[in-house]
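Trainee: Structural data only, the sequence is not supplied:
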């Protein structure tokens, strides 16, 4: 009997093929083979005149979706249909979550096989897992399919009904989403908290104390003076910045702290109390999707999307178990593999005395998988895998976390002492604490937030000298230290995922796409690792809060996820829920009909910022971005806001300054020595720039140059502005050709150019400072590289046909591509040129050439 096994990707197909008996043909669907129409072009002609066609859902016909096969999947479908005619049975082996179940169902609907069909599921691609799956086929779970389809329909209904409303009332190309809008709301609320925050200052005193007879010192912090406790950071409200406890604490200012130091530094210092306790630390549960994303972001700076792409490759290549899961459960085989590895690598004393089990799931957990762990019944060490770069880092992280779950608790000894500095009038009590690792336990394998557990062990220890109550000590240095309370931190990808998971918003498979979407749509910008909501995010969130509050309500969205879980388990009927959600008394359709006429575009474009002192100043969003406007006199004054100014950084003073500059006109940095025209720093739609003259008396557009990344308008001087305006700046003439060599900034960064040959500047080069000798050096390197040919990123081997031409991954003018003979194939979104496999490259070549 011959069987066709269909999976989602070429990599997964290649891995699973190794474990299947002879007679099994394996191919991939390359993800979903059909979906709702992405645009009007994809809508079949016979449906184009239907009112519901633009949404792709026939609401009046039980929410029937209009599924279409996209042009890039038609060849895939044709290939699978052809193969289906050559086999005796079809085995659908897509992932076992809702999305995977949906892919299998769509394959069944499109291929319409007339042979037996089996559903095969597994959560790791190992020989034993595939063997077990071949002995335990099941039917397609229609409840999982319904849950996936319900989510897709709901997302489309929200996106295609609310988004056009935003276009009309705010600006073109905006979008709303069932989960996306809630994520933006969470970040906007945090930014509002930061705006409302009132910074408070307080002082404390730090003493460097020495045990008599020893050279080293330890730190002690002032705790109380004459029985009155001194305020510290914990006494201030984390959200407002103001003092929480009005009585019982004393706030020191700088003068008081300095005066107190003068009084106590010559007093008698001695230990008045000492307490030692041992505490145990237990390892964190094994990774689920969200915690893996958080830790990879903290340790390596990987985005949620990047983490999932790497994890997908590791899973499909057979290194780890399925990476989209809410469950912290480990199978008995996995636990035994981890325990065996602990004894082998670390010794018996590091093995936890009994099996450590984790079965807790996150709020609203939907999947029935294991936690993310190394695949198989024997865990390969990271060094044994042969992995490199990011794949190695992520596998290493997963391996260490899994090992730690079966390791002994760490035992730590904490020492807390109080030291009194006593004078005739004053008793100042300082506190010092020390920590010693008595037994490292699981710390040997894994310390959260650390790349190197062994180094982290040293960092974890802060030991105090052996001291006794009543023992005299010496204060070697006593200094005041000022503090300012800080507003709540902006979200990073890691903390946003944690917040959404805590509230039950979204699911493991959605966090990466949520974050990518809100960044791509311009609702959030990244400032380092911080996610900062933009002015448009504030405007959209404000409109939704006022007119569609359910769409940005955490509990409402979490309840929706719960309903999807109920559909997946068969407890909730799909159509009844959709009808209530869209057509119900308080459904989305009725809300839109009621609210559309209530939304005043002028009012919607005003951004409500919780900042004191704005008075008659108003921040708005318009077609060309955010701007500030001030009412008064016969006409309002207004000006655009700089692109690098975030809502949370606004102050009344800054807005007044921008309005003043707009009214009075820009001030000149000085005159250009050649044209004698003034040079100005101006603000435009795409950020600050320098301009030669104001262009009032000329039909020609004035010469402009954008400021370089990191430059601030207020720091700009005339020499720098002149260099910017020179771009592309003349370095000199080539000693052999006599032709010009210039340096400039282009689409792909700073460069030098000579006679059509471009060379990128190195990291150590500065575009404003580079001179002719370095330019010649860079051009020489570029010519040498061109003469020997740019090396391939990857050599993937020969194509499986009679010609057997080599498959290479190269970099060209327009980015990375695959070269096979005379055929060039662009590497599409979702594939990395450094990690794309031979099978994936062959699939892309087939898709283009057939």
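Mentor: Sure, I can see it. All of these numbers come straight from a predicted model, not from anything done at the bench. Numbering: from 1, shown residues only.
Trainee: Where do the strands of the stretch 501-650 of the chain begin and end?
Mentor: Along the stretch 501-650 of the chain, counting by DSSP state E, counting those that start in this stretch, strands occupy 524-527, 530-533, 606-607, 617-622, 625-630, 637-640.
Trainee: Let me know which of the ones you listed is the nearest to residue 244.
Mentor: strand 530-533 (25.9 Å; Cβ to Cβ). All C-beta spots, glycine's among them, are computed from the backbone N, C-alpha and C.
Trainee: For that closest one, name the packing helices and strands.
Mentor: Secondary-structure packing of strand 530-533 (3 or more Cβ pairs under 8 Å, 6 or more residues apart in numbering; DSSP states H and E): helix 180-196, strand 524-527.
Trainee: Residue 606 is nearest to which of those?
Mentor: helix 180-196 (14.9 Å).
Trainee: List the buried residues in the helix or strand that the closest one is followed by.
Mentor: Later in the chain than helix 180-196, the nearest helix or strand by DSSP states H and E is strand 201-211. By neighbour count on 16 or more other Cβ atoms under 10 Å, the buried set for strand 201-211 is 202, 203, 204, 205, 207, 209, 210, 211.
Trainee: Save the residues you listed as a markdown table, and put in pLDDT too.
Mentor: Shown next, in a markdown table, are those (pLDDT from 0 to 100):
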| residue | pLDDT |
| --- | --- |
| 202 | 94 |
| 203 | 96 |
| 204 | 95 |
| 205 | 97 |
| 207 | 96 |
| 209 | 96 |
| 210 | 95 |
| 211 | 95 |
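Trainee: Pick out whichever of those residues sits closest to residue 704.
Mentor: For these, the nearest to residue 704 is residue 202 (47.8 Å; Cβ to Cβ).
Trainee: what sits against the closest one?
Mentor: With contact taken as Cβ atoms under 8 Å, 6 or more residues apart in numbering, residue 202 is in contact with 231, 232, 236, 251, 252, 482, 483, 485.
Trainee: follow-up on the earlier one: indicate which one of the strands of the stretch 501-650 of the chain is closest to residue 133.
Mentor: Among the strands of the stretch 501-650 of the chain, strand 530-533 comes nearest to residue 133, with 39.8 Å by Cβ to Cβ.
Trainee: Most tightly packed of the strands of the stretch 501-650 of the chain?
Mentor: strand 530-533 (a mean of 22; mean count of other Cβ atoms under 10 Å).
Trainee: and that strand, how far out from the chain's middle?
Mentor: With Cα atoms, centre = their mean, to the nearest Å as the basis, strand 530-533 stands 10 Å off its chain's centre.
Trainee: Which elements pack onto the biggest helix by length in the chain?
Mentor: Longest among the helix segments of the chain by residue count, using DSSP state H, is helix 142-169. Secondary-structure packing of helix 142-169 (3+ Cβ pairs under 8 Å, 6+ apart): strand 57-58, strand 64-65, helix 98-111, helix 535-547, helix 554-568, helix 574-583, helix 588-595, helix 601-604.
Trainee: List the buried residues of the longest one.
Mentor: It stands for helix 554-568. Buried residues in helix 554-568, counting neighbours by 16+ other Cβ under 10 Å, are found at 554, 557, 558, 560, 561, 563, 564, 565, 567, 568.
Trainee: One more: the fourth one?
Mentor: Of all the residues in helix 535-547, those buried under the rule 16+ other Cβ under 10 Å are 535, 536, 537, 538, 539, 540, 541, 542, 543, 544, 545, 547.
Trainee: what about it, average pLDDT?
Mentor: Averaging pLDDT along helix 535-547 gives 96.
Trainee: what would the buried residues of helix 535-547 look like in JSON lines with distance to residue 416?
Mentor: Converted to JSON lines, the buried residues of helix 535-547 look like this (distance: Cβ to Cβ, whole Å):
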{"residue": "535", "distance to residue 416": "49"}
{"residue": "536", "distance to residue 416": "51"}
{"residue": "537", "distance to residue 416": "45"}
{"residue": "538", "distance to residue 416": "46"}
{"residue": "539", "distance to residue 416": "51"}
{"residue": "540", "distance to residue 416": "50"}
{"residue": "541", "distance to residue 416": "46"}
{"residue": "542", "distance to residue 416": "49"}
{"residue": "543", "distance to residue 416": "53"}
{"residue": "544", "distance to residue 416": "50"}
{"residue": "545", "distance to residue 416": "47"}
{"residue": "547", "distance to residue 416": "55"}
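Trainee: low-confidence ranges in the stretch 501-650 of the chain?
Mentor: Applying pLDDT under 70 to the stretch 501-650 of the chain flags residues 632-636.
Trainee: give me that answer again for 90
Mentor: 504, 506-511, 527-528, 585-586, 611-616, 622-625, 630-645, 648-649 (pLDDT under 90).
Trainee: any chance you could map the strands in the stretch 1-150 of the chain?
Mentor: Counting by DSSP E, counting those that start in this stretch, the strands of the stretch 1-150 of the chain are 3-7, 24-28, 57-58, 64-65, 89-92, 117-119.
Trainee: and what of the stretch 701-850 of the chain?
Mentor: Going by DSSP E, counting those that start in this stretch, the stretch 701-850 of the chain shows strands at 704-706, 729-733, 740-746, 749-754, 757-760, 794-798, 806-812, 815-820, 823-826.
Trainee: List the strands paired with the second one, with their directions.
Mentor: According to DSSP bridges, strand 729-733 has the following sheet partners: strand 740-746 (antiparallel).
Trainee: Please point out which parts of the partner strand sit buried.
Mentor: Neighbour count says strand 740-746 has 741, 742, 743, 745 buried, by 16+ other Cβ under 10 Å.
Trainee: What residues does the second one make contact with?
Mentor: Listed by Cβ under 8 Å, 6+ apart, the contact set of residue 742 reads 728, 729, 730, 731, 752, 753, 754.
Trainee: The first one and residue 743: what is the separation?
Mentor: In this case it means residue 728. Distance of residue 728 to residue 743, computed by Cβ to Cβ, to the nearest Å: 6 Å.
Trainee: what is in contact with these two at once?
Mentor: residue 753.
Trainee: okay, how far is it across stretch 7-24, tip to tip?
Mentor: Distance across stretch 7-24, first residue to last, is 13 Å (Cα to Cα, to the nearest Å).
Trainee: Where does the prediction get shaky in the stretch 101-250 of the chain?
Mentor: 171-173, 198-199, 213, 227, 233-248.
Trainee: most tightly surrounded among the helices and strands packed on strand 530-533?
Mentor: Most buried of the helices and strands packed on strand 530-533 by mean neighbour count (mean count of other Cβ under 10 Å) is helix 180-196; its value is a mean of 22.
Trainee: And for that one, what's in contact with it?
Mentor: 158, 239-240, 487-488, 490-491, 496, 499-500, 505-506, 514-515, 517-518, 521, 523-524, 531-533, 537-538, 540-541, 544-545, 551-554, 557, 609-611, 646-648, 650.
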